[in-house]
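[1] Build the 3D model from these lines:
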Amino acid sequence: MDFKAKFESGYGYGEFLEKYGSDADRMKWQMVHDLVKLSDDQQALFSGFARQMNVLVMAGAWCGDCVSQCPILNHFETAADKIRIRYVDRDADPELAGELKICGGSRVPQVVIMSEDFLPVSRDGDRTLSRYRQMGEQQFGSGCPTGLGLDSDPVFPAVVQDWTEIFERAQLILRLSPSLRQRHGD
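    Coordinates of the predicted model:
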């Protein structure tokens, strides 16, 4: 898979929503975007990133999981000048959708974090561990879904932290890479 070509064919956050989202989709994404608040520690972490991270996100503007997670990623990109994110619509790129299947399904969002040379470092998605834990408790445990929005969702801050840790791990892989350390003299 030529991830560099996929990245270069992708869209920035706003461009993606303009091209693929309806007015209702854009409104939902904006509502979640307004809820995301990075902590001071998270802001400091992202602003301290030393290595370029090219991030390819396969998404769907219509997708509830994308609505609840992609705005988080946009905040990361804003907080770190070393993060560049491009979004590709799942239905517009069947080749990428086929490559990034999870458990046989074309689930979104899918995130491929890459080095400055577009070498894959991490693949993650469709939901974070905190969200899956909540779903497991609701479906297998004593809890039941409430139907409440993200503004009152106690797991939402944990999802933001889950994604923070995914990006931190990828940055550490890049920062500690012998070839990149040699290239950058650090």
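
[2] Pull out the buried residues from the host helix or strand of M27.
    Using DSSP states H and E, M27 maps to helix 23-35. By neighbour count on 16 or more other C-beta atoms under 10 Å, the buried set for helix 23-35 is D25, K28, W29, V32, L35. Any C-beta I mention is one placed from the backbone N, CA and C, and that applies to glycine too.

[3] could you give me the average pLDDT of it?
    For helix 23-35, the mean per-residue pLDDT is 97.

[4] tell me which strands and helices that helix is in contact with?
    helix 13-20, helix 64-79 (3 or more C-beta pairs under 8 Å, 6 or more residues apart in numbering; DSSP states H and E).

[5] the inter-axis angle of the following helix or strand past that helix versus helix 64-79?
    Sequence-wise, the next helix or strand downstream of helix 23-35 (DSSP H and E) is helix 40-47. Here the directions of helix 40-47 and helix 64-79 differ by 70 degrees (axes from the mean of the first three to the mean of the last three C-alpha atoms, to 10 degrees).

[6] what distance separates helix 40-47 from the middle of the whole chain?
    17 Å (C-alpha atoms, centre = their mean, to the nearest Å).

[7] Cheers, nothing more for now.
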